[in-house]
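# Please work out how this folds:
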Amino acid sequence: MSNYQIVDSLTEEVQANRKPEHELAPLFLNRWSPRAFSGRPVSEEDLNTLLEAAHWAPSSYNDQPWRFIVAKTEEQLRVFHGFLTDFNRTWASSAPVLVAIASDKLRENGDPNGAHAFDSG
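Residues are numbered from 1 along each chain as shown. Got it, this is the predicted structure:
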């Protein structure tokens, strides 16, 4: 996995604008959540790595109640754009990949899973 680098310093932008109250790893402070996307293609390798990491995320009772529905073709993206709000469509319209997350409200044994939405979030 030579594509990965340890994040051990803050970017200039973060140093100038983000001041944590307590010690925190640069990895978390450098995280940025854009409301616009470049449209640059996402490689299958990168997409699969992201989905694999999500697959292994912890969950209540180790249920992993989530399912990921991936849109990456023009036709699939059009379908996803159809159920986005106008506001979300403005920033998501140029994203090359969209992922919907669904969660199972019931555990495998049929009992209610009260943590399904939290776990999937």
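
# Relative to the whole chain's centre, how far out is the longest helix along the chain?
Criterion DSSP state H: the longest helix present in the chain is helix 44-55. Remark: helix 44-55 is offset 10 Å from the chain centroid, using C-alpha atoms, centre = their mean, to the nearest Å.

# Would you mind listing the buried residues in it?
Residues Leu47 are the ones in helix 44-55 that count as buried (16 or more other C-beta atoms under 10 Å). C-betas here are computed from N, CA, C, even on glycine.

# So which elements touch it?
Under the contact criterion of 3 or more C-beta pairs under 8 Å, 6 or more residues apart in numbering; DSSP states H and E, helix 44-55 touches strand 66-71.

# so the helix or strand following the strand it packs on versus strand 66-71, what angle?
Moving toward the C-terminus from strand 66-71, the first helix or strand encountered (DSSP states H and E) is helix 74-82. Going by axes from the mean of the first three to the mean of the last three C-alpha atoms, to 10 degrees, helix 74-82 is angled at 120 degrees with respect to strand 66-71.

# so after helix 74-82, what's the next helix or strand?
Heading C-terminal from helix 74-82 (DSSP H and E), you reach helix 86-92.

# chain center to that next one: distance?
The mean C-alpha position of helix 86-92 is separated from the chain mean by 16 Å, C-alpha atoms, centre = their mean.

# Convert that helix to CSV, retaining C-alpha atoms only.
Extracted in CSV, the C-alpha atoms of helix 86-92 (Å, rounded to 0.1, in the frame of the first residue of the first chain):
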residue,chain,number,x,y,z
ASP,A,86,-32.0,21.1,-5.2
PHE,A,87,-29.4,22.3,-2.7
ASN,A,88,-27.5,19.1,-2.6
ARG,A,89,-27.7,18.7,-6.4
THR,A,90,-25.9,22.0,-6.8
TRP,A,91,-22.7,20.7,-5.2
ALA,A,92,-23.1,17.0,-6.1
